[in-house]
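> sequence unknown, structure follows:
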């Protein structure tokens, strides 16, 4: 077990005192970095890159070589689990992920089973363990998975989209079938995240990218309760340290109180919610992670510094805030603008931690 | 001036007592109706249908011939205004609206001017006046427009989408330019809605379809304040009756308190917010319109009735609720499911109005 030199992120996620506000960026290893595009080209495709532990390690470390980030996050994709279930993940250039065999018939749903993460997703565990070794204790490594509801959408629709009518139709017409899919997903994700923790992940995050398309009641029934099932099944400690969990429902700002009650250590927030209001609503139950609009990074250093300052001021004094974007960094971001944001977070935040 | 036989909608929007909860559906004249598809085919295209007052009247009335709806809504499109500004609206089948000449240069933005609605959008006023006549006082006619922010997105991006990076980049880098566009739009929309009221619209609605993609602070600055400008410039009375105004920001549930303060009579709500919580938050400042997920209409009569009952129960006793979907009805809706919803609203709601 290596000593962790910078554990600011882990302390902030547990609302313990820190010297400054830690920062990382969703999709920080990504297409806005020329070196990432080089490696991806070498891999042949996005999916080949995900499935190659050497190259996944390489791209995971790239943003850390450029920027003083306070965390690394495993380079992977939320759809590895349904791929391991046999649905046949592939990517259409410029259009995102698809499945060759989406769930269309009841028997296909009844046939689903929970993949063993070590057997069927060994390439992910291998990447986690290599990244941990390569990091050599510099910063913590975050593991992640998609939420049961978000995976179910891709498994049922066969792709992303905006309306998700097949999945919602099932929610209202055959809730029993959808609950079956969600329960399988929740068990698969729990095993998968625990395997990542065993392989070396020091914090884990659940991405509920599409929870925000549900009604108030349907969110509780079809998304949140399965994330609660996962959180309650996660390893809480590893290597003598607490492994913090983060739950992020994009577009879920209306439901913070119920999210804060499921046992996760922190909530991810998109930019639609004011941090001060969010902090008031969750009290001291959870830390908060977010929430700058990634579009700000397309503008000027002055605008970026202004937005960083406003977000830090909105959270205010004390620990429990991890700075991040409210969604993945866009491919059009000039890397120097990301650097500007990270520097501003580190510099401006010290005053709030005295 | 014709006597209005069913003024339930207008009373509900002003929080006056009604016998039941009135109901209409966003996009109620649309592709889920075979008779609409027939008329559209005759027109040649969606845009030709919008620009032909006779056919626009015909499709506006079609859902009323089928269902006991409590309102008609003008058949038109939110992008008629930028089209009248000379940006060249066209539609790509299956992909939605586009502009031939989106705003790319500063001089193009400086050259924008407010179109005279009677001169440049006469086909809309002609449709409003024919529909009013054809309705013969059965139910009120709702006029509408897009919000300044929502129009600006299409004018700047040239199309819809999900990220709106050009518009947001302008918001952070050149807010002065974006404010210029928004001010022109707000003045154009005010004149346009007032012309609709003069032509016969008995209530008006502003669709802020994309306000929900903004940050908390940016929403106030770039969307809400321009809707306030419009609302304060609208004719308040016509034909001896108050003309109620409805403001609807899709994905705007976090900002209800500020929306309720701009002077509109009612707020539209999507399905992400619980009506009881919304009612508590806005108090007696505004009526509420919404908010069933249109996906429910793809399921069974039992599920539809259950959802209608839950929404009515959530709002609870008293006036001030207009039942609607939280977004436009989808083209895949069986018309008999819409009928089921409308009947359920009328039957189940009487108990809340005693």
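Perfect, I can see it now. Quick caveat: nothing in here was measured; it's all calculated off a predicted structure.

> mind listing what's buried along stretch A:14-22?
In terms of neighbour count (16 or more other C-beta atoms under 10 Å in any protein chain shown), stretch A:14-22 has its buried residues at A:14-15, A:18, A:20-22. No exception for glycine: its C-beta is placed from N, CA and C like everyone else's.

> residue A:231 - that's part of a strand, no?
No - looking at residue A:231 with DSSP: H, G, I helix; E, B strand; the rest coil, it is helix, so not inside a strand.

> so can I have a markdown table of the buried residues of stretch A:14-22 showing pLDDT and secondary structure?
Formatted as a markdown table, those follow (pLDDT from 0 to 100; DSSP: H, G, I helix; E, B strand; the rest coil):
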| residue | pLDDT | secondary structure |
| --- | --- | --- |
| A:14 | 98 | coil |
| A:15 | 98 | coil |
| A:18 | 98 | coil |
| A:20 | 98 | coil |
| A:21 | 98 | coil |
| A:22 | 98 | coil |
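
> ok, and of the residues you listed, which contact chain B?
With C-beta under 8 Å from any C-beta of the partner chain as the criterion, these include none near chain B.

> list just the nearest of those to chain B.
Among the buried residues of stretch A:14-22, residue A:21 lies closest to chain B (C-beta to the nearest C-beta), at 18.2 Å.

> so that closest one touches residue A:353, yeah?
Yes - using C-beta atoms under 8 Å, residue A:21 makes contact with residue A:353 at a distance of 7.2 Å.

> now render the buried residues of stretch A:14-22 as a markdown table, adding distance to residue A:205.
Formatted as a markdown table, the buried residues of stretch A:14-22 follow (distance: C-beta to C-beta, whole Å):
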| residue | distance to residue A:205 |
| --- | --- |
| A:14 | 14 |
| A:15 | 17 |
| A:18 | 19 |
| A:20 | 21 |
| A:21 | 18 |
| A:22 | 14 |
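
> just the strands in the stretch 101-250 of chain A please.
Here the stretch 101-250 of chain A has its strands, by DSSP state E, counting those that start in this stretch, at A:141-146, A:203-208, A:237-238, A:241-242, A:245-249.

> now residue A:251: closest residue in space that isn't a chain neighbour?
The shortest distance from residue A:251 to any non-neighbouring residue, by C-beta to C-beta, 6 or more residues apart in numbering or on different chains, is to residue A:212 (2.1 Å).

> pLDDT value on that neighbour, please?
Reported pLDDT at residue A:212 in the predicted model: 97.

> now do the SS call for residue A:344.
State at residue A:344, reduced to three classes by three-state DSSP: helix.

> run a quick neighbour tally on it.
Applying other C-beta atoms under 10 Å in any protein chain shown, we find 21 residues neighbouring residue A:344.

> buried residues in the top helix by length along chain A, which are they?
In chain A, ranked by residue count with DSSP state H as the criterion, the top helix is helix A:175-199. By neighbour count on 16+ other C-beta under 10 Å, the buried set for helix A:175-199 is A:175, A:177-179, A:181-182, A:184-197, A:199.

> ranges for the helices of the stretch 201-350 of chain A?
For the stretch 201-350 of chain A, applying DSSP state H, counting those that start in this stretch gives helices covering A:216-219, A:225-233, A:256-259, A:275-282, A:301-315, A:335-349.

> can the fifth one be found next to chain B?
Pointing back at helix A:301-315 there. Yes - using C-beta under 8 Å from any C-beta, helix A:301-315 reaches chain B at A:303, A:307, A:310.

> any idea which of those residues is closest to chain B?
residue A:303 (4.3 Å).

> neighbours around the closest one, how many?
So residue A:303, with other C-beta under 10 Å, has 20 neighbours.

> show me what from the stretch 151-300 of chain A comes close to chain B.
Checking the stretch 151-300 of chain A against chain B by C-beta under 8 Å from any C-beta, the hits are A:162-165, A:168-169, A:171-173, A:212, A:214-219, A:251, A:253-254, A:271-274, A:277, A:293, A:295-296, A:298-300.

> and the buried ones among the residues you listed, selectable in ChimeraX?
Selection of buried members from those for ChimeraX, criterion 16+ other C-beta under 10 Å:
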select /A:164,165,168,169,171,172,173,212,214,215,216,218,219,251,253,254,271,272,273,274,293,295,296,298,299
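
> hang on, the earlier thing: now the residues of helix A:301-315 next to chain B in JSON lines, with pLDDT?
What follows is the residues of helix A:301-315 next to chain B, written out as JSON lines (pLDDT from 0 to 100):
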{"residue": "A:303", "pLDDT": "98"}
{"residue": "A:307", "pLDDT": "98"}
{"residue": "A:310", "pLDDT": "98"}
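
> now these in TSV, with distance to residue A:118?
Shown next, in TSV, are these (distance: C-beta to C-beta, whole Å):
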residue	distance to residue A:118
A:303	46
A:307	43
A:310	45
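
> below-threshold pLDDT in chain A: ranges please.
Counting by pLDDT under 70, chain A contains low-confidence ranges at A:1-2.

> ok, 90 please
Scanning chain A for pLDDT under 90 picks out A:1-3, A:92-96, A:160-163.

> farthest from the middle of it: give me that residue.
Distance from the C-alpha centroid of chain A peaks at residue A:107, with 31.3 Å (C-alpha atoms, centre = their mean).

> the closest residue to residue A:31 other than its chain neighbours and residue A:298, how far apart?
Spatial nearest neighbour of residue A:31, excluding adjacent residues (C-beta to C-beta, 6+ apart): residue A:331 at 3.8 Å. Computed as C-beta to C-beta, to the nearest Å, the residue A:331 to residue A:298 distance reads 11 Å.

> repeat that for residue A:73.
Separation of residue A:73 from residue A:298 (C-beta to C-beta) stands at 22 Å.

> my guess is residue A:160 contacts residue A:154, does it?
Yes - with contact defined as C-beta under 8 Å, residue A:160 reaches residue A:154; the gap is 6.7 Å.

> those two - which one has more neighbours?
residue A:154 (28 against 16).

> that one and residue A:103 touch, don't they?
No - using C-beta under 8 Å, residue A:154 makes no contact with residue A:103, being 9.9 Å away.

> name the SS class of residue A:90, please.
When classified by three-state DSSP, residue A:90 comes out as strand.

> ok, how many other residues are close to it?
By other C-beta under 10 Å, 13 other residues sit near residue A:90.

> cool, the one 10 residues further on as well?
By the other C-beta under 10 Å criterion, the neighbourhood of residue A:100 contains 11 residues.
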